[in-house]
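*Asks:* Sharing a sequence plus its predicted fold:
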There are 2 protein chains.
Amino acid sequence: MNKKNINIAIIGLGTIGSYLYKYLLKKRNLLRKKTSIAPNVIFVSAKNKQKKRGINIPKSKWLGNYLDAASHPKVDIVVELIGGSDGAAKKLVFAALKNKKHVVTANKALIAKHGDKLSKIAENNKVNLEFEAAVCGGVPIVRSLKEGLIANSIQKIYGIFNGTSNFILSSMDKQNIEYKSALQKAKQLGYAESNPISDINGQDVASKLEILTSLCFNSYINNKDIHLEGINNIDHIDISNANLLGYKIKLIGISEFKDNKITQRVHPCLIKKDSYIAKIDGVLNAVIIEGKPAGQTVIQGEGAGPEPTTSALISDISSIMRGNIKFPFVIPYKKRRSLRFEKINSKNFSSYLRLEVVDKHGVLSNITKILAKNSVSIKRLIQSPYNSKKYSSITIITHESKDDKLTKIVTQLSKKNFILKKPKLIRIENI
Amino acid sequence: MNKKNINIAIIGLGTIGSYLYKYLLKKRNLLRKKTSIAPNVIFVSAKNKQKKRGINIPKSKWLGNYLDAASHPKVDIVVELIGGSDGAAKKLVFAALKNKKHVVTANKALIAKHGDKLSKIAENNKVNLEFEAAVCGGVPIVRSLKEGLIANSIQKIYGIFNGTSNFILSSMDKQNIEYKSALQKAKQLGYAESNPISDINGQDVASKLEILTSLCFNSYINNKDIHLEGINNIDHIDISNANLLGYKIKLIGISEFKDNKITQRVHPCLIKKDSYIAKIDGVLNAVIIEGKPAGQTVIQGEGAGPEPTTSALISDISSIMRGNIKFPFVIPYKKRRSLRFEKINSKNFSSYLRLEVVDKHGVLSNITKILAKNSVSIKRLIQSPYNSKKYSSITIITHESKDDKLTKIVTQLSKKNFILKKPKLIRIENI
């Protein structure tokens, strides 16, 4: 880029957009020193113009129609901070790339859904499509995969990609509280939105994992073949059981490339207490990459909030300013691979099974029979009767067994009249 | 870079150079996919041509004189893997940059000593000087500081930057062995060289820290104002004492920017057992960056060996292939800052003090008097007599005190006739 200035339009002025606006104003000279180019925010747009943002934006910078950012001849970079996989965000980003504007976005849902098409347009038009801020906020994982670890053949990427759900699980554990109270606390502290559904049901992690899968394995994005479970079914009793058995419960995203097939999955896992990932608490994110020749690399940082997200947005903007035009997904669209994706069913897991049962004769033998029939063997079994009640809680740790057998057991047990609640199945992960 | 091929000369063919040569041969197509340019190794050179390397290098690729790599018109990138801050490595790199060749190096001693001058030449000649492999092997820390975390004002960088010394300390702790046996073990396993002096005395960490300081704070490299202690004075008793008190001993590099002054220091520290950094064991490296707006970022990985180092070298080579010309130290030479560096003397530390004393009347009162005179107060004191011997070991944890007072105490105590060995002072770090 042989220019002295670069012109930016910020579309969407929530907490992140407002913070970014202020940052670019304050740190303009520092960025000019580092990149030899000065960033100018020339336009902004937001749904609610009157909202209090604690910043004074000159009237001349407000666009009448947000879509004008995509076509205005003065705009070099469109920063999309609207959110959502479709609607306004989609319209804006498609239009901007078609008009040869660089795009920087924090929108994981958009990239996970339309990233392939968007990258094709960006490549053809030789502009950047950058989304560091879409994956784990301040953790510089996208850039590390595209540059720092470019030499590596990656076999596995996994980690804690959602701060809200991790905060909830940590709070349940450390403060001995139930899921609902922990969620309430997360909302009070601003760690969970008023509608935190995508944080809780695993969808947020899934979008990030789909993007990371594509970056790691040079495949197209696949948002169909992914196993998805959230944390909304975890009870405090599961966390205390896990503790007794030497485990923590974490919501993990894992993508693996093995035998020429990829498996993508997002679900709660029991993880050995002394493992690195079990110790990531609160709103932190951590990504672990296993590749050759670098071995294992870990990157950890703050996953959300205006500050870390702005750090990521600025790294994208600076990359464009330095003229570092790259393929959005490491290699060109055409050379990416149509890899086979494998379902979780045929994978083997050791697992945790919690059953709430009526305390009567023959129940245990009935349960063990069902497990045996499905070729699932028991490694450990703890039966704890509830005081002064006529039922018991049975916790089973199974040996490694095919996932479809494990889920079949849950279905079969659910139908039995001695089972009081749907049995809880949580996979054990040796990471 | 508007070329289809890029020509590389690898100078130095030890374990790393040989691995890199093989990697570039094997992964040529993958790199071409990722960067649109194919890397060709056209020349090599090494001191001992006959050495067995397990690779077949055509005769035509051997340079008669290694310095020809710096001037041959066909060479685009010189990869310097000779090592050492001066001599052949220095000659080669200066000559290559002067002749407008890009340089990639794994040589921390060279960059720490001559990096400022070299970066000036590289900038003037618009070529890259890249040294990701010089700092913590496979950990993509240099690139993360220059790109992923470019937005950040960094206040502090610290971590475990030397795998050999960390392996020795971990082994002493886990296997209850003395320093010498642990060093022997490290040598047997190939984690320590036959002459491991710079790993042991902290010099290796110091070079890395000096480079990181410059990258973080945009200062010139300063290799004078740095406090330096190695691990060669740590006894097993110190490690077991630390364990009893809830600490681990680690060799830490820390650089801090505070009140417009930088402090650089490398020394063993007592670190709370449950902190992240206390749990980094074996040959791993970990770097923690504290900055605004990203908050705390952690990057962890394998710090040495041909595989991780090659990962770093390839990221540098790819960066050049993509035409990503940057300033070697984030901002231009001229705009870097002449910052003030502060000595460790006036900093405050809580510290661990171990004294081996003759077991006689009045000794303890004598010791406490010396501490009191220097305004150092005691937080904890444990006196353990050695069975059937006429001396005791006294372990003191002090409250926060000025560093020069602490070292003064050591000097004063050393002169006392009831002190059997030079007292051991290890600072306690709350990280």
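*Replies:* Arrived safely, thanks for sending.
*Asks:* Strands of the stretch 251-400 of chain A, residue ranges please.
*Replies:* A:261-272, A:284-292, A:295-302, A:340-341, A:348-358, A:378-385, A:391-398 (DSSP state E, counting those that start in this stretch).
*Asks:* Serialize those strands to TSV and add fields for mean neighbour count.
*Replies:* In short, each C-beta sits where N, CA and C put it, glycine included. As requested, these are exported to TSV (neighbours: other Cβ atoms under 10 Å in any protein chain shown):
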stretch	mean neighbour count
strand A:261-272	22
strand A:284-292	21
strand A:295-302	23
strand A:340-341	14
strand A:348-358	20
strand A:378-385	13
strand A:391-398	20
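*Asks:* if you average pLDDT over each of those strands, which comes out lowest?
*Replies:* When mean pLDDT is averaged over each of the strands of the stretch 251-400 of chain A, strand A:378-385 scores lowest at a mean of 91.
*Asks:* contacts for that strand?
*Replies:* A:241, A:245, A:350, A:359, A:364, A:368, A:371, A:391-399 (Cβ atoms under 8 Å, 6 or more residues apart in numbering or on different chains).
*Asks:* Show me how far it is from its chain's centre.
*Replies:* In terms of Cα atoms, centre = their mean, to the nearest Å, the centre of strand A:378-385 is found 34 Å from the chain centre.
*Asks:* on that earlier part again, looking at the contacts of strand A:378-385, spot the one nearest residue B:269.
*Replies:* residue A:245 (34.4 Å; Cβ to Cβ).
*Asks:* and residue A:338, how far is that from residue A:329?
*Replies:* Distance of residue A:338 to residue A:329, given as Cβ to Cβ, to the nearest Å: 14 Å.
*Asks:* more neighbours, the two?
*Replies:* More crowded of residue A:338 and residue A:329, by other Cβ atoms under 10 Å in any protein chain shown: residue A:329, with 28 against 8.
*Asks:* Tell me who's in contact with that one.
*Replies:* Residue A:329 sits in contact with A:115, A:116, A:119, A:214, A:215, A:218, A:336, where contact means Cβ under 8 Å, 6+ apart.
*Asks:* Before we move on, what's the pLDDT of the first one?
*Replies:* Looking back up the chat, that one is residue A:115. Taking residue A:115 on its own, its pLDDT is 98.
*Asks:* nearest residue to it other than its sequence neighbours?
*Replies:* Excluding the flanking residues, the one nearest residue A:115 by Cβ to Cβ, 6 or more residues apart in numbering or on different chains is residue A:221, at 5.1 Å.
*Asks:* Which element, helix or strand, includes the one you found?
*Replies:* Per DSSP states H and E: residue A:221 is located in neither a helix nor a strand.
*Asks:* Could you report the separation of it from chain B?
*Replies:* Distance of residue A:221 to chain B, computed by Cβ to the nearest Cβ, to the nearest Å: 18 Å.
*Asks:* Pull out the buried residues from stretch A:133-141.
*Replies:* A:133, A:134, A:135, A:136, A:137, A:138, A:139, A:140, A:141 (16 or more other Cβ atoms under 10 Å in any protein chain shown).
*Asks:* my guess is residue A:431 meets residue A:280, correct?
*Replies:* No: judged on Cβ atoms under 8 Å, residue A:431 makes no contact with residue A:280 at a distance of 11.6 Å.
*Asks:* Comparing the two, which residue is more hemmed in?
*Replies:* Taking neighbours as other Cβ under 10 Å, residue A:431 and residue A:280 compare with residue A:280 leading, 23 against 17.
*Asks:* which residues touch the more buried one?
*Replies:* Per Cβ under 8 Å, 6+ apart, neighbours of residue A:280: A:160, A:166, A:250, A:286, A:300.
*Asks:* And for residue A:231?
*Replies:* Residues near residue A:231 by Cβ under 8 Å, 6+ apart: A:165, A:168, A:169, A:179, A:200, A:202, A:251, A:268.
*Asks:* what's it sitting at in phi/psi?
*Replies:* When quoted as degrees, to the nearest 10, the phi and psi of residue A:231 stand at phi -100, psi 0.
*Asks:* and it, how far is that from residue A:83?
*Replies:* 22 Å.
*Asks:* before we move on, what about residue A:265?
*Replies:* 25 Å.
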